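> Just need the structure, nothing else, for what follows:
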Amino acid sequence: MYAIIANGGRQFKVEEGQELTIDYRADAGESITFDQVLAVSDGAGDVKLGAPTLAGATVTAEVLGPTKGPKLVVQKLRRRKNSRRKTGHRSLLTKVKINSISAG
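Presented below is the predicted three-dimensional model:
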């Protein structure tokens, strides 16, 4: 069974037991419910599609904790002015584990 959810401007295909990284939002041990479910499919090939979302369908996940994303390097160069700056950052993300998918 899998579901397609919308979160943070992106869409994710999730299955039960899958670990996923989303935008930073909650502390470890909390539970998150995703209610913007776009599609749900059981193992037999029966697919329910929403227009745009399925009413009553939810996906619940447990927060495993915060993590950091990949390092992004920002370089600024002004030509002929001997001005160069190199900075970077790593975004905070939240790692979650999908517990259950409910088709509603």
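
> Let me see the ranges of the helices in this structure.
With DSSP state H as the definition, the chain shows no helices.

> Centroid-nearest residue for it?
Nearest residue to the geometric centre of the chain (CA atoms, centre = their mean): I22, 3.2 Å.

> Please look at that residue and S91 and confirm they touch.
No. Using CB atoms under 8 Å, I22 is not in contact with S91; the gap is 11.3 Å. Just so you know, the C-beta spots here come from the backbone N, C-alpha and C atoms, and that holds for glycine as well.

> Going along the chain, name the strands of the protein.
2-7, 10-15, 19-23, 31-34, 37-41, 47-49, 58-68, 72-78, 83-89, 92-102 (DSSP state E).

> Pull up the pairing partners for the helix or strand bottoming out on mean pLDDT in the chain, direction included.
Using mean pLDDT, DSSP states H and E, the weakest-scoring helix or strand in the chain turns out to be strand 47-49, at a mean of 91. Partners of strand 47-49 in the sheet, by DSSP bridges, are strand 37-41 (antiparallel).

> Next, the angle strand 10-15 makes with the strand it pairs with.
Angle, strand 37-41 to strand 10-15, by axes from the mean of the first three to the mean of the last three CA atoms, to 10 degrees: 30 degrees.

> Would you mark the buried spots in strand 37-41?
Within strand 37-41, the residues scored as buried using 16 or more other CB atoms under 10 Å are 37-41.

> Give me the neighbour count for L54.
Other residues within reach of L54, judged by other CB atoms under 10 Å, total 21.

> Mind pulling up the pLDDT for it?
At L54, the predicted lDDT confidence score is 94.

> and the most far-flung residue of the chain relative to its centre, how far is that from V37?
Most distant from the centre of the chain: R80, at 42.8 Å, with distances by CA atoms, centre = their mean. From R80 over to V37 the distance is 55 Å, taken as CB to CB, to the nearest Å.
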